[in-house]
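> Below is the sequence, then the predicted model.
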Amino acid sequence: MQYLTDRKRAQGLGSGRTGTKTHWNAIVTSTLLVPAVPVFVFTVGAGLGGTYEEVLAYFSRPVPAILTALSMIVIVLHTLHEVREAIEDYMHGVSERMATIAATAFAYSLIAAGLLALIKLAL
Amino acid sequence: MADVNRGNRPLSPHLQIYRPQLTSASSIFVRATGIAIFFLMLLAVWWLLAAATSEAAFGFIDGLLRGWLGDIILLGATWSIWYLMLGRLRHVIWDFGHCLDVETSEKMGQGMFIAATALTVFTAIVL
């Protein structure tokens, strides 16, 4: 008779040492990419190519502004996950930690800057 | 964890001696496009922030993105983001327990390259 459950056996394994949670998070954000990517490409793409005044008018409408914000956040957080996985696989020790912190700082700064820009444009 | 088999487990293949295959290539491309999109999102945020700042700031980045260099970067970024979406969708399908055999996985890999290219052409025509 085995006393360990499958879950207990997997806990703590994997290069991230956090077992199944990282993987499940990746599946959740991967699924969210399916609506987020087309929304981002076509919403931002529709704004790109106009004059300065046209771009200002486009993003001052609530629907393009909120769709851009939402899809941007989903894409940045998903790709942060992707980059952190790559760092865990190929970097070790202090450089791994510094790279992970730098990538996370970059991602949250992007989100903050993007939201600030969209709020300024929308108001 | 006394009953866990630690000695006789299959090891992951070393990249340098691993024969390139459609399944591995399509998987490596998912990671590569994921990392590329992470950094390329800076361009989109820069463009938005410039639009919110001043006409001069907007003119610089908008001119860069709409020039020939920007066209190449945006075309590559568009292909990458479509490919990333499809590649990640393949992971979700696998994770839910479907299409795990090699033949179907290879077909999905081919499908990702073809569909990402078709979606990029579609995006370029529509926008």
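Ah, there it is.
> So what's the predicted local confidence for residue 54?
Let's take chain A. As predicted, A:Glu54 sits at a pLDDT of 95.
> Oops, wrong one, chain B.
pLDDT, B:Ser54: 94.
> And it, how far from chain A?
9 Å (C-beta to the nearest C-beta, to the nearest Å). Any C-beta I mention is one placed from the backbone N, CA and C, and that applies to glycine too.
> Same check on B:Gly109?
16 Å.
> Have a look at chain B and report its longest helix.
Counting residues, the longest helix found in chain B (DSSP state H) is helix B:22-53.
> and it, what does it pack onto?
Counting contacts by 3 or more C-beta pairs under 8 Å, 6 or more residues apart in numbering or on different chains; DSSP states H and E, helix B:22-53 packs against helix A:52-59, helix A:62-90, helix A:93-122, helix B:55-66, helix B:68-95, helix B:102-126.
> Just the CA trace of stretch B:101-115, in CSV.
Extracted C-alpha coordinates of stretch B:101-115, given in CSV (Å, rounded to 0.1, in the frame of the first residue of the first chain):
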residue,chain,number,x,y,z
ASP,B,101,-0.1,11.0,-29.5
VAL,B,102,2.9,12.0,-31.6
GLU,B,103,1.1,12.0,-35.0
THR,B,104,-1.6,14.5,-33.8
SER,B,105,1.0,16.6,-32.0
GLU,B,106,3.0,16.9,-35.2
LYS,B,107,-0.1,17.8,-37.1
MET,B,108,-0.9,20.5,-34.5
GLY,B,109,2.7,21.7,-34.8
GLN,B,110,2.4,22.1,-38.6
GLY,B,111,-1.0,23.7,-38.1
MET,B,112,0.5,26.3,-35.7
PHE,B,113,3.0,27.4,-38.3
ILE,B,114,0.4,27.5,-41.1
ALA,B,115,-2.3,29.1,-39.0
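> now it: mean pLDDT?
93.
> same check, this time on stretch A:8-18
70.
> Pull the contacting residues for the nearest residue to B:Ser105 once chain neighbours are set aside.
Closest residue in space to B:Ser105, ignoring its immediate chain neighbours: B:Thr23 at 5.3 Å, by C-beta to C-beta, 6 or more residues apart in numbering or on different chains. Going by C-beta atoms under 8 Å, 6 or more residues apart in numbering or on different chains, B:Thr23 touches B:102, B:105-106, B:109.
> Quick check: the residue sitting nearest the centre point of chain A vs B:Val102, distance?
The centre of chain A sits closest to A:Leu77, judged by C-alpha atoms, centre = their mean, with a distance of 1.6 Å. In this view, A:Leu77 and B:Val102 are 32 Å apart by C-beta to C-beta, to the nearest Å.
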